[in-house]
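Asks: can't give you the sequence, but here's the structure:
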DNA sequence: AGAGTGCTTGACGTTAACGTAAATGTAACG
DNA sequence: CGTTACATTTACGTTAACGTCAAGCACTCT
């Protein structure tokens, strides 16, 4: 079964990250591994947090965003106002993502049409080169 | 009418970029303004190139990519092999953009469903904070 | 004891595309 | 000639998220 405490290597293997990354997250106060003398021991809580960190990254949140969200719940997991703020943060991020998605769609369409048209961009380049 | 030679400020106003940007592009060999003593004078050719640079940026090309493409045509605008290479570069970039677009779509869907579900991410955070 | 393995901290390096500040030049206005 | 307005070069600063050494413990095996 999954031991409650994991070494840095076990963590790396389990989450496919480098030791540097875990130390970096600790330095940024995203993780708080215990110590066995000098060595880090990651707890179940660290693993839960790391899961959320990686998930947040997939959503395009910055580590700083993630840290803030995590901190809100560290201070008071039952604070409704903070839950709301987290929601808002997520909604904002969602809006950004949707805008980005749309823009990218437009750019793709443009680029495609230029390629289909025999390369207006290339024609443009030709003009640019005189 | 549009004068054939433009000062750096006229260029900035016309293209909504900063002087720093134009000097930077010159340093990167994307533009080659003439000189009136010490001052830069941008030609029609520079404007055509800048148009393409900005277009390329909208498509997500790096300045280095753009410079290479521009250079290909500077050397020989009629070289068919180079036209092909430019095409390929554009196709590659298009593929990247489509992949990115798709990924973003997935992330949006995920984030939305978590928000709709009452915030699995938030629930997750709650768990993480214990 | 020596070797090997894994972990630690510390600190500088990387990348892109400019921003920003300092010191200086020069052209035109009054 | 003095000031104002814009131009120029040089060069360090910025941002994110780690990468990449370097030097040195801590254990274990032999």
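Replies: Perfect, I can see it now. Computed from a predicted structure; not experimentally measured.

Asks: in stretch A:49-69, what's buried?
Replies: Going by neighbour count (16 or more other Cβ atoms under 10 Å in any protein chain shown), the buried part of stretch A:49-69 is A:49-50, A:52-53, A:55-56, A:59-61, A:65-67, A:69. Every C-beta, even on glycine, is put in place using the N, C-alpha and C of the backbone.

Asks: ok, which pair from the residues you listed is furthest apart?
Replies: Across these, the longest distance by Cβ to Cβ is 18.3 Å; it joins A:49 and A:60.

Asks: Strands along chain A, start to end?
Replies: Counting by DSSP state E, chain A has strands at residues A:34-36, A:39-41.

Asks: now these in TSV, with mean pLDDT and distance to DNA strand C?
Replies: Listed next are these as TSV, based on pLDDT from 0 to 100; distance: least, Cβ to the nearest atom of the strand, whole Å:
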stretch	mean pLDDT	distance to DNA strand C
strand A:34-36	96	8
strand A:39-41	97	3
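
Asks: which one of those has the most crowded surroundings?
Replies: strand A:39-41 (a mean of 16; mean count of other Cβ atoms under 10 Å in any protein chain shown).

Asks: Show me what that strand packs onto, helices and strands only.
Replies: Where contact means 3 or more Cβ pairs under 8 Å, 6 or more residues apart in numbering or on different chains; DSSP states H and E, strand A:39-41 is packed against helix A:19-27, strand A:34-36.

Asks: right, is the longest one up against DNA strand C?
Replies: Yes. For helix A:19-27 and DNA strand C, the contact criterion (Cβ under 7 Å from any atom of the strand) is met by A:19, A:23.

Asks: follow-up on the earlier one: turn the strands of chain A into JSON lines, including distance to DNA strand D.
Replies: Shown next, in JSON lines, are these (distance: least, Cβ to the nearest atom of the strand, whole Å):
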{"stretch": "strand A:34-36", "distance to DNA strand D": "8"}
{"stretch": "strand A:39-41", "distance to DNA strand D": "8"}
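
Asks: Need these in JSON lines (columns: distance to residue B:20).
Replies: Formatted as JSON lines, the strands of chain A follow (distance: least, Cβ to Cβ, whole Å):
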{"stretch": "strand A:34-36", "distance to residue B:20": "48"}
{"stretch": "strand A:39-41", "distance to residue B:20": "44"}
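
Asks: of all the ones you listed, which lies closest to residue A:13?
Replies: Nearest to residue A:13, of these and by Cβ to Cβ, is strand A:39-41 at 14.5 Å.

Asks: List the pairing partners of that closest one within its sheet, with orientation.
Replies: Strand partners for strand A:39-41, identified by DSSP bridges, are recorded as strand A:34-36 (antiparallel).

Asks: Can you tell me what sits against the partner strand?
Replies: Residues from elsewhere that reach strand A:34-36, judged by Cβ atoms under 8 Å, 6 or more residues apart in numbering or on different chains: A:5, A:40, A:41, A:42, A:43.

Asks: do that again at 7 Å, thanks
Replies: A:41, A:43 (Cβ atoms under 7 Å, 6 or more residues apart in numbering or on different chains).

Asks: same question, stretch A:100-112
Replies: B:58, B:59, B:60, B:90, B:94, B:97, B:98, B:100, B:101, B:104, B:105, B:108.

Asks: Select only the buried ones of those residues in ChimeraX?
Replies: To isolate the buried members of those in ChimeraX, using 16+ other Cβ under 10 Å:
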select /B:59,60,90,94,97,101,104,108
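
Asks: now for the contacts of stretch A:100-112, which pair is the farthest apart?
Replies: Largest pairwise distance in the contacts of stretch A:100-112, by Cβ to Cβ, is 26.3 Å, between B:90 and B:108.

Asks: So the residue lying closest to residue A:85 once chain neighbours are set aside versus DNA strand C, what's the distance?
Replies: Closest residue to residue A:85 apart from its sequence neighbours, by Cβ to Cβ, 6 or more residues apart in numbering or on different chains: residue A:72 at 6.7 Å. According to Cβ to the nearest atom of the strand, to the nearest Å, residue A:72 stands 26 Å off from DNA strand C.
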